[in-house]
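Visitor: got a predicted structure plus its sequence, pasted below:
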Amino acid sequence: MSELDEMFLLGEDKMEKALNQLHREFASVRSGRANPAILDKVVVEYYGAPTPLRQMSQVTVQDGTTLVITPYDKSILKEIEKGIIKAEIGITPNSDGICIRLPFPPLTEERRKEIAKDVKKMGEEAKVAIRNIRREMVEKLKKIEKEENLPEDVVKDNQDKIQKITDKHTDSIDKSVAEKEKEVMTV
C-alpha cells in the first residue's frame, strides 16, 4: 500500500470516528422522549467499584415517556437512585422498591430551542474536527510530495480527493444536525 493510500484510509477513518462521536453525543441529548442512551453516563457504586448502570440493570421504555430501570440485584436500588441524581440528567428517579421509574416531562418551547442550539454547537465542533483532519491530510500530502517528488497534477488530484471526502463528511454532519433539531423541536 502506498503512502498516499494509507493517508486516505487513515484520514477517512478519523473522519468516520468524528461522525460516530457526534452520533453518540446526540444519543444522550434529551428530546422529550424516553431514551435509554441518556443513562450511559450514569455510574453506580457497586461493592466499592464504580459500575455503569446499564451493566447492572435492565432498562426498558414504557409508553414512550418513561424509562423503567429494573436492577438485577434489588439491594442496590438506593445506590442507583444516588447515581442517577449525581449524573445530573435532569430527571428525578421514582422508586417503588422493585424498580425505578424516570418520567420524562414534556420539554418547554424555550428548553427545546436551547437544546437545538446545543445540537448545532455539537455539529460545529464535529465540523471543526473534520477540518482539522483535512488539514493533517493536506500537510501529509505536501510531505509525500516533497519526498517522492510528485507531479503537480497528481498533487492537485489528491487535494481534490481530500476535499471531496471532507465535503461528504461535512454534509453528513449537516444532515444529522438537521434530523436531531427536527426531533428536538417536534412536540
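Guide: In hand now; what should we look at?

Visitor: which elements pack onto the longest helix anywhere in the chain?
Guide: Of all segments of type helix in the chain, defined using DSSP state H, the longest is helix 109-148. Applying 3 or more C-beta pairs under 8 Å, 6 or more residues apart in numbering; DSSP states H and E, one finds that helix 109-148 contacts helix 3-27, helix 152-185. For the C-beta atoms, the positions are set from N, CA and C on the backbone; glycine is no exception.

Visitor: may I see the buried residues of the last one?
Guide: Read it as helix 152-185. Across helix 152-185, burial judged by 16 or more other C-beta atoms under 10 Å covers 158-159, 162, 165-166, 169-170, 172-173, 176-177, 180-181, 183-185.

Visitor: ok and the longest helix of the chain relative to helix 3-27, angle-wise?
Guide: If you take axes from the mean of the first three to the mean of the last three C-alpha atoms, to 10 degrees, helix 109-148 sits at 170 degrees to helix 3-27.

Visitor: how distant is helix 109-148 from the center of its chain?
Guide: Offset of helix 109-148 from its chain centre (C-alpha atoms, centre = their mean, to the nearest Å): 14 Å.

Visitor: which residues does R134 contact?
Guide: By C-beta atoms under 8 Å, 6 or more residues apart in numbering, the residues touching R134 are 11, 162-163, 165-166.

Visitor: on that earlier part again, return the closest of the buried residues of helix 152-185 with respect to G90.
Guide: For those, the closest approach to G90 (C-beta to C-beta) belongs to V184, at 14.2 Å.
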